[in-house]
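Participant: A structural model of the following input is requested.
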Amino acid sequence: MQSLRKTQLLLVAITAAALAPFLNKAFHIDDPLFIWMAQQIAKHPFDPYGFYVNWVSFRQPMTIVMQNPPLCPYYIAAVASVFGWTEPTLHLAFLFWATMSILGTFAFARRFCRKPLIAAMLTLFTPVFLVSATSTMCDVMMLAFWIWALEFWFAGLDRQESWRFLVSVALISAATLTKYFGISLVPLLAAYTLARDRRLAAHLAFLLLPIAMLFTYDLVTEGKYGYGLFSAAMSVSSSISSATRPSHFVQMLMGLAFIGGCFVSALFFAPFRDRRMFLPAAISFAAFAAAFKLLICSWIYLETAEAAVWLEGGFFATIGVGILALAMINMLHQKSPDALLLLLWIIGTFCFATFFNWSITARTFLPMAPAVAILTVQHFERLQKLTRLEYLPLLGAAGLSILIAVADYRQANCARDAAWLYQKRYGAEASKVRFLGHWGFQYYMEQWGAKVFDRNNPKVAHGEIVVGPFSDPNVVHVSVENVFKRDESTFGTLPFVSTFRLGTGAGFYSSFGGPLPWVINKIPPERYYAVETR
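Facilitator: A predicted model of the protein is given here:
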């Protein structure tokens, strides 16, 4: 017990040390949506979606813009109402969920492998986890509920204690109210329990409770907002994906590249001494790289080296195929309920993230992080590859993942730095400033009174100032009769790694921005413009 407690404290310390440098990270991507909703909750706790927001260059109800349930904003509201709305305060609050996710992975991995500490640390030091853990979005919070729901359900099966099943379904409900994907735990645990018990056991009835909760939530929100928000989210995701999705093969190719890039850390545990792996890996890489070059790079916008994108695409897709193949091979060899759980967990998340979500995003792959880590450690334990130097591969995984998180951190801070520059320059005449660009840039511009551009009212009057980033995908043409002055400012990002930058191939937060979750390429600095119309 004492050794277990020391290991848990070690994981807490390592998680805190890994994320502490990012506590002052600027709010980025969808962080403002969660914060604005939390601010609404602080004023109107029973009406979380009852306001409008301009998020895509025109005003919309929050019920349309925010396609996530409200538990995460409620958490933000509870913390920020007491301790403040600053970046360090909220990032520190979300460090709790990252720590609980890693501790939950360690607890759950003890059932599957001899080295659960490596599985937990490998989960921490994957790009998708580390980058997601530096945000105030709902993904890591949902993962914490997810992994502990699994742990309590397994403990309930082992000990046949009803209270553990009740805790598990409460956690499933919390996961679902954090991010709708949490409800997929119900079929996952039902399939595992049936495979393990080989009969319809009474405790399966507990899994009806999260379904009843979600049904009730849909009814309540329909009465409040005119339509059920869960049903609407499924409809919106389906309509967007069906309207924008390329061919199924191209979609699968990008999905494989995303899973490989998100979990590239598993490569550090690859059996490089097994020469039998070289030829299949080389063939896979050549085929995927060619497919990326011909089917993807031929139609996406790139302002950096195209070769880097299709080479990395082939590399990531090869890793992705290897992860999926490992899950299938593990099932064929083990033929056990545990192997079935890992297979369904990984394959199910991959299929949803690739084919059913509104776009392919790295964050949608996050729930499979513990499963990939457990599967990786399990496999190399069987191959007896873990020796006294078994922790050394984690150093490589940590170094790469931290580098990618730093790139995301630098890019997020560019938007805040730009907003601060314009506040210093134009703050005295804020009522005359209109800006394009959203995400963190919008959050910080609105803090000092600048007004977001509205394409429904696009005319810019003389005497107004228009600012924005060149990389904004929602940029619209602003017509002005007389440009008095034009100014351009640049802000340095990490010059060789990017997670989300139009024209580089990096699309961590959406495949609309690029077909890879991150890229190593020549990354230009962020450029912002200011136009004075006097």
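
Participant: kindly state the pLDDT recorded for the closest residue to Ile300 other than its chain neighbours?
Facilitator: Spatial nearest neighbour of Ile300, chain neighbours left out: Pro515 (6.5 Å); criterion: CB to CB, 6 or more residues apart in numbering. C-beta: built from backbone N, CA, C; applies to glycine. On pLDDT, Pro515 comes in at 91.

Participant: mind pulling up the pLDDT for Glu481?
Facilitator: 56.

Participant: before we move on, what about Lys43?
Facilitator: 95.

Participant: who are the contact partners of it?
Facilitator: Residues near Lys43 by CB atoms under 8 Å, 6 or more residues apart in numbering: none.

Participant: and it, how far is that from Phe51?
Facilitator: To Phe51, Lys43 is 9 Å away according to CB to CB, to the nearest Å.

Participant: for Pro127, same thing?
Facilitator: Pro127 is 34 Å from Phe51, by CB to CB.

Participant: tell me which of those two has more neighbours.
Facilitator: Using other CB atoms under 10 Å, the more surrounded residue of Pro127 and Phe51 is Pro127, with 26 against 16.

Participant: before we move on, back to that, my guess is the residue nearest to Ile300 contacts Gly260, does it?
Facilitator: No: using CB atoms under 8 Å, Pro515 makes no contact with Gly260, being 11.9 Å away.

Participant: the more surrounded of these two?
Facilitator: Pro515 (30 against 27).

Participant: so which residues of the stretch 51-200 of the chain form strands?
Facilitator: Ranges of strands in the stretch 51-200 of the chain, per DSSP state E, counting those that start in this stretch, are 52-54, 59-61.

Participant: turn those strands into a markdown table, columns for mean neighbour count and mean pLDDT.
Facilitator: Shown next, in a markdown table, are those (neighbours: other CB atoms under 10 Å; pLDDT from 0 to 100):
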| stretch | mean neighbour count | mean pLDDT |
| --- | --- | --- |
| strand 52-54 | 17 | 92 |
| strand 59-61 | 14 | 89 |
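
Participant: columns distance to Tyr301 on top of these, output as JSON lines?
Facilitator: Formatted as JSON lines, the strands of the stretch 51-200 of the chain follow (distance: least, CB to CB, whole Å):
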{"stretch": "strand 52-54", "distance to Tyr301": "25"}
{"stretch": "strand 59-61", "distance to Tyr301": "26"}
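
Participant: what's the closest non-adjacent residue to Ala418?
Facilitator: Tyr528 (4.7 Å).

Participant: contacts only, for the one you found.
Facilitator: 418, 421-422, 467-470, 488-491.

Participant: could you point out which of those residues is nearest to Arg114?
Facilitator: Distance to Arg114, by CB to CB, is smallest for Phe491 among the contacts of Tyr528, at 47.4 Å.

Participant: Trp299 in helix, strand or coil?
Facilitator: coil (DSSP: H, G, I helix; E, B strand; the rest coil).

Participant: how many neighbouring residues does it have?
Facilitator: Neighbour tally, Trp299, other CB under 10 Å: 8.

Participant: hang on, the earlier thing: tell me which of the strands of the stretch 51-200 of the chain lies nearest to Ala461.
Facilitator: Of all those, strand 52-54 comes closest under CB to CB, at 18.3 Å.
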